[in-house]
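In: Sequence and predicted model, in that order:
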Amino acid sequence: MGVFHRGVRNAFRNTVRSASVIFILALSICMALIMFMSLKTVQTKIDSVKSSIGNIVTVSPAGIRGFEGGGQLLTSENVKTVSEINNVTKVVSVLNDRVNNGTDTNLQSAIEAGNFGNRQGNRQFRTNDSSNTAINNSITQRTFTPPIQIVATSDLSNTASLNVAQFEITSGTLFDVNTSDNVALVGKDLATKNSLNVDSTFQAYSKDIKVVGIYDTGNAFTNSSLVVPLVTLQNLSDQSGLISEMVVQTSSIDSVGSVANDIKTALGNSADVVSQQDNSNSAIAPLQNIKTISLYGLIGSLVAGSIIILLTIVMIVRERRQEIGVLKAIGASNALVITQFSVESLVLTLTSSVLGILLGIVLSNPILNVLVNNSTSSTTPSGPGGGGGREFARLGAGIINGSTNSIRNLHNVIGIDIILYGLLAAIAIALIGSAIPSYMIAKVRPAEVLRSE
């Protein structure tokens, strides 16, 4: 018991030196603790992002992009085939259509044609009447009214399938996605334009459609659209069992590439497959940067702490060579003397760890915010590629926005496990820092020390 008492007492023999060592070592332990917490927090966020953001593959009919191109729509059999592929967790079926006022619906479009719409409308008008030379060569313009877009999806919670970043019901309720009733959700701008409210009706495809809800997407285009049940649109548009797009969710970002290849193999030339693996990797790049910095910071802090305690104990051993010689001369073994100095080292590090943990609690989130700001300012996620069309534009924006929000929401939480890790780190620092001094103590010969003194 005496050896432990002497070790504790000797740790504070020189008050000024002990206080300086404890403060410097506390900073090292504080930084190690913060880096460890940041590493753990970032890894948890990376796992979360990988399982929820960017793990999307879109499948569209070959040769068709939105309402452009030509070809054959996909079928429910294609959906079943894709659903059975490894690492596919969900397949959302989508069917898009559009209706025109006066011919397909009594709704008025909420979008003004403008320069762009009139240009596209007149180009289509001249193309359709190309046989009439007089009309084709004239510069007479006609008024163009944009059609009303309709989207049907098998999962209303999947915003990617709705081509939106957010989907909020401002009044009314959602419909059952499995229903075949003639019901619809109406964008708020379209509802305002046509004075529609919940329980109002309008006509489309020569049928009465009931409004069950009004939604807001924060987007002028989609706020001027309709959302209807998948089976309902298939029946109304005479496209039973057909879909114009599949939104495939994979188990994680890591499986996106393999799933995309498997879909291409399974569906062959009947489908175009677009994955977002590159954009997904770009989206989590800031998180990976923070993880790397945290890891190096953790290693550096532990090494610095070990060096600090090593140099301190080496200095103490050199100062107390005579004391060590006397202890050995009166019968103390090497193990007993080493234990005394190890206890002294452990007391210094444990005292420093208490102060370091307190500093870590105060400084952990401010330092993490600095890491976040540096990483987000130095890493700019790549934007949507030019060859992906609607899918790249939609999913790329969603991934990047989702990643940015994830990084901004990073927050270190100090639990009991973190404190225990901090204490274990302090013990490891003490043991590592005492290794060389222990060797020096073992080499001290009492006769030589006492003779020199």
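Out: Here it is on my side, so go on. Remember, it's a predicted structure, so these values are computed and weren't measured experimentally. Residues are numbered from 1 along each chain as shown.
In: Report all helices and strands that the host helix or strand of residue 346 contacts.
Out: In this structure, residue 346 sits in helix 334-378 according to DSSP states H and E. Contact here means 3 or more CB pairs under 8 Å, 6 or more residues apart in numbering; DSSP states H and E; on that basis helix 334-378 packs against helix 2-11, helix 15-52, helix 277-319, helix 321-329, helix 389-408, helix 416-443. (C-beta placed from N, C-alpha, C; glycine too.)
In: Relative to the whole chain's centre, how far out is it?
Out: 29 Å (CA atoms, centre = their mean, to the nearest Å).
In: quick one: average pLDDT of that helix?
Out: Mean per-residue pLDDT for helix 334-378: 77.
In: do the same with stretch 308-324
Out: Across stretch 308-324, the average pLDDT comes to 75.
In: Show me which residues of it are buried.
Out: 308, 309, 310, 312, 313, 316, 317, 320, 321, 323, 324 (16 or more other CB atoms under 10 Å).
In: circling back: weakest of the helices and strands packed on helix 334-378 by average pLDDT?
Out: helix 389-408 (a mean of 46).
In: gap between residue 85 and residue 253?
Out: According to CB to CB, to the nearest Å, residue 85 stands 16 Å off from residue 253.
In: no, scratch that, I was asking about residue 72
Out: Distance from residue 72 to residue 253, by CB to CB: 31 Å.
In: Could you check which of the two is surrounded by more residues?
Out: Taking neighbours as other CB atoms under 10 Å, residue 72 and residue 253 compare with residue 253 leading, 25 against 12.
In: Excluding its own residues, what touches whichever strand or helix holds residue 273? List them.
Out: In this assignment (DSSP H and E), residue 273 forms part of strand 271-275. By CB atoms under 8 Å, 6 or more residues apart in numbering, the residues outside strand 271-275 that reach it are 56-65, 74, 78, 256-257, 259-260, 263-264, 267, 388-389, 391-392.
In: Pull out the buried residues from those residues.
Out: 56-62, 64-65, 74, 78, 256, 259-260, 263-264, 267, 388-389, 391-392.
In: Could you break the protein into its assigned domains?
Out: Following automatic domain parsing, one finds the domains of the chain at 2-52+283-452, 57-109+147-275, 112-145.
In: Please work out the average pLDDT along the shortest one.
Out: Domain 112-145 carries an average pLDDT of 61.
In: quick one, phi/psi of residue 219?
Out: Per-residue torsions, residue 219: phi -140, psi 130 (degrees, to the nearest 10).
In: Ok, residue 154 next?
Out: The phi/psi pair for residue 154 (degrees, to the nearest 10) reads phi -90, psi 0.
In: Tell me how far it lies from residue 15.
Out: Computed as CB to CB, the residue 154 to residue 15 distance reads 73 Å.
In: ok, now residue 189?
Out: Using CB to CB, residue 189 is found at 74 Å from residue 15.
In: and the closest residue in space to residue 159 that isn't next to it in sequence, what is it in contact with?
Out: Residue nearest to residue 159 in three dimensions, not counting chain neighbours: residue 167, with 5.4 Å by CB to CB, 6 or more residues apart in numbering. Contact analysis of residue 167 by CB under 8 Å, 6+ apart lists 156, 159, 215, 217.
In: Just give me the neighbour total for residue 292.
Out: Residue 292: 13 neighbours (other CB under 10 Å).
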